[in-house]
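Asks: build me a model:
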Amino acid sequence: MRSTIIRPLLLLSAFSAAWLPVSFEAAAQEVQQTQTVRISSGDGPINVLPPGRTPKTGTAVLRGRIVAGDTGSPVRRAQVRISGPDIGSKAALTDNQGRYEFKDLPAGRFNVSVTKSGYVTMQYGQSRPFEPGRPIELVDAQLMDKADVALPRGGVLAGRVVDETGEAVADADVTAMRMQFQNGKRRLVPAGRNAMTNDLGQFRVYGLPPGEYYVSASLRNMTTMIADIMGTAASGPTGSNQSSGYASTYYPATPNPAEAQRVTLAVGQELSSVDIQLQPVRLARVTGTAIGSDGKPMSGAMVMLMPSTKDAMMFLPGGTTRTDKDGNFTLTSVTPGEYSLQLQSAAGLFQASADGAMMMFNFRTTSSDGSSSSQGNAPGQREFGVASLTVAGEDVTGLIITGMRGAKAAGTVKFGGTQPDGVTNARVSAPPADTDNNPMPSFGTSSVKDGGTFEIEGLVGSHIFRILNPPKGWALKGVEYNGEDVTDRGVEFKPGEDISGIEIEMTNQPQTLFGTVSSDSSQPVKDYTVVIFPDDPQKWTLTQNRWMTSARPDQDGRYRVANLPPGKYYAIAVDYVAQGEWQDPDWLARAVKKATPFTLEEGSNKTLDLKLSGS
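Replies: Purely as a prediction, here's the structure:
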């Protein structure tokens, strides 16, 4: 009998792939700049070399010392991580004197981050919370031995999670969140590690930078989601459906993010009374039937209830299940709220798994005798369905969700001449042009075939096109369809109506902007942030905005920005701006008054020296 261990991995991968527009959005921007994939973890970003790339070596050396920010004493066994486009990510531990070293580094640009339990995770050159670090630029045979980092003590949010009677709630997932701008929209975004309550309802979220936080508690986590996927179906034995449960609750006791109370945390401070009282709500059962476009039941399809709130980033669905052989599904213990009910066929799930988070693995199952066999392609075509759903505490029954085949996008990636090496390692992604108003699930990305052609299936609504892991030295220049520039506005897809002839143009002569910053007295400034944004305010809130960026100076005080499109811009150098805050249109509107206008010509390497703004 074949092992079933692979099944939750496949389903979990498919679930992750359903959320790829969120993760690819960040990854695509990162790949545009560094040609590596950046993965977020509790300890900070980790750069991973894409398929087909091997780490380079060289003759440069980087050394430094890690000390405690409050005492200056050495921090031993801190993890120091260096990352760059030619090495991926490498880690080292500090010795008893807090020293670390990286040898055999190639010439290039690197980022260094440091993690130690009980301290705030910091990057080289970072002096304030939520500020990006400064890159380090090395040339061949260079020795840099002062890449020192001071770690401040981490703040702690601690308290208890209780129910409406004051009884402790164990195994609740507690998340610290902060307000941040993403694509020009303010949202609550998780910050730092999560915590799980113990049997006394106690939690402790540690290692937090100073700042303002919102804290939420939920009884749903990845474990319960997997259990839902594996064990919940419309058929088989049934149990009593509990009629009361708890919604995700924000401190101190509200299910509404807009009514949450924020807490302010100083450096190294511990707030020990962040108590959250879960709010009881009436739970509902949602039942229905999934029908394919051929009129037959969709067996083995995934059904997910995705919260439609736009105030906070939600990484877990409000319910998950699978359809039985007759296409029936049941979602239990659904809390009140606005949802997008999303349906993916079994074929879609398999392809999402293969194209998404686990595309680097070979899916094989092991028999009881130790032999293995290929999983193969799931039969049938990829279909999905979506419906808006309001749950108000009463059961919702009799839903009919009809699957449909998304459109196929076909096109060519053009390199303007001889095809460079590494083309087949590149991938084309097609995220929604409006992530808030396109609830359709995405089926991931497409590899670029030899000759530059690509195909992406399962698209509905407006989608833009971006390149992940382009050949080294190449960057996106523009996307055309029917002779029109659709790089930023995207292409509109209707169910089942395939579109071909999409042309993605690449360039190996991207625009580069670099320079220095000085004070009003013309003294050089080495610690600052430069923000670049277009002169057209309509471009300030684009999805995956390629027209806006920020830059921090290297160890010599020089900044550099690559791959901005040709056009008219503003640039401003400020002493400090929190990461993402410069995406706020109100911040940009104020910045315009003190910013320097400039024009970036196609293929140009432009020097732009700036004065530090007092804003």
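
Asks: quick one: end-to-end length of stretch 452-470, please.
Replies: One end of stretch 452-470 sits 11 Å from the other (C-alpha to C-alpha, to the nearest Å).

Asks: what sits closest to Thr289 if chain neighbours are left out?
Replies: What sits nearest to Thr289 in space, not counting adjacent residues and going by C-beta to C-beta, 6 or more residues apart in numbering, is Gly327, at 4.9 Å. Where C-beta positions appear, they are placed from N, C-alpha and C, glycine not excepted.

Asks: low-confidence ranges in this structure?
Replies: Scanning the chain with the threshold set as pLDDT under 70 gives 1-48, 50-52, 183-184, 221-242, 309-318, 347-380, 435-444, 615.

Asks: re the thing from before, for the residue nearest to Thr289, give me its contacts.
Replies: Thr289, Ala290, Ile291, Gly292, Lys296, Pro297, Met298, Ser299, Ala301 (C-beta atoms under 8 Å, 6 or more residues apart in numbering).

Asks: what about Asp556, which SS state?
Replies: coil (DSSP: H, G, I helix; E, B strand; the rest coil).

Asks: pretty sure Lys472 contacts Gly422?
Replies: Yes. If you go by C-beta atoms under 8 Å, Lys472 and Gly422 touch, sitting 6.7 Å apart.

Asks: got the buried residues for stretch 418-432?
Replies: Gly422, Val423, Thr424, Asn425, Ala426, Arg427, Val428, Ser429, Ala430, Pro431, Pro432 (16 or more other C-beta atoms under 10 Å).

Asks: tell me the domain boundaries of the protein?
Replies: 6-19+155-368+379-402, 35-151, 407-507, 512-611 (automatic domain parsing).

Asks: picking up where we left off before, of the contacts of Gly327, buried ones?
Replies: Buried among these (16+ other C-beta under 10 Å): Thr289, Ala290, Ile291, Gly292, Met298, Ser299, Ala301.

Asks: filter those residues down to just the ones in strands.
Replies: Judged by DSSP state E, strands contain the following of those: Thr289, Ala290, Ile291.

Asks: which phi and psi does Glu259 have?
Replies: phi -100, psi 0 (degrees, to the nearest 10).

Asks: Gly452 versus the residue nearest to Thr289, what's the distance?
Replies: 40 Å (C-beta to C-beta, to the nearest Å).

Asks: repeat that for Ala191.
Replies: From Ala191 to Gly452 the distance is 41 Å (C-beta to C-beta).

Asks: pull the distance from stretch 197-213 to the chain's centre.
Replies: 23 Å (C-alpha atoms, centre = their mean, to the nearest Å).

Asks: now do stretch 195-215
Replies: Distance, centroid of stretch 195-215 to centroid of chain: 22 Å (C-alpha atoms, centre = their mean).

Asks: where do the strands sit along the stretch 151-300 of the chain?
Replies: Taking DSSP state E, counting those that start in this stretch as the test, the strands found in the stretch 151-300 of the chain are 155-162, 173-182, 185-190, 195-196, 202-208, 211-218, 244-246, 249-250, 263-265, 270-271, 276-277, 280-282, 284-291.

Asks: okay, the angle between the very next helix or strand once past the last one and strand 284-291?
Replies: Next along the chain after strand 284-291, taking DSSP states H and E as the criterion, comes strand 302-307. Compare the direction of strand 302-307 with that of strand 284-291 by axes from the mean of the first three to the mean of the last three C-alpha atoms, to 10 degrees and you get 130 degrees.

Asks: quick one: strands adjacent to strand 302-307?
Replies: In the sheet, strand 302-307 lines up against strand 319-322 (antiparallel), strand 337-344 (antiparallel) (DSSP bridges).
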